[in-house]
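Visitor: how would this look folded up:
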Amino acid sequence: MNEKAYKVMSFAGAANIAAGIVVLVVGITVGVIAIISGAKLQKEKKGLTF
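Guide: Numbers count the residues shown, from 1 in each chain. This is a model prediction of the structure:
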């Protein structure tokens, strides 16, 4: 009975680590895209007239 509990806890821990890595990679990717698009907007800002 105890072995089953340890296996479930091990799987849950591995799943949490995998989810954390995925969230980290997605966060870094979105941050880089936001920085690049913001830089492009700043570069093109000079041509705007209102």
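Visitor: CA only for contacts and neighbour counts going forward, please
Guide: OK.
Visitor: quick one: low-confidence parts of this protein?
Guide: Along the chain, segments meeting pLDDT under 70 span 1, 50.
Visitor: okay, helices next: where are they in it?
Guide: 2-44 (DSSP state H).
Visitor: counting neighbours, what do you get for Ala15?
Guide: Ala15 is flanked by 12 other residues according to other Cα atoms under 10 Å.
Visitor: what's the answer for Phe11, then?
Guide: Neighbourhood size, Phe11 [other Cα under 10 Å]: 12.
Visitor: please apply the same query to the one 3 residues further on.
Guide: As a burial measure, the neighbour count of Ala14 was computed by other Cα under 10 Å and equals 12.
Visitor: any idea how far it lies from Ile33?
Guide: With the distance defined as Cα to Cα, to the nearest Å, Ala14 ends up 29 Å from Ile33.
Visitor: what's the burial count for Val22?
Guide: So Val22, with other Cα under 10 Å, has 11 neighbours.
Visitor: an error on my part: the question was meant for Leu41.
Guide: 11.
Visitor: so how far is Val25 from Ser37?
Guide: 18 Å.
Visitor: hang on, I meant Ile36
Guide: Distance from Ile36 to Val25, counting by Cα to Cα: 17 Å.
Visitor: before we move on, what about Asn16?
Guide: Asn16 is 14 Å from Val25, by Cα to Cα.
Visitor: Ile35 too?
Guide: Taking Cα to Cα as the measure, Ile35 falls 16 Å from Val25.
Visitor: ok, now Ala15?
Guide: Taking Cα to Cα, one finds Ala15 at 15 Å from Val25.
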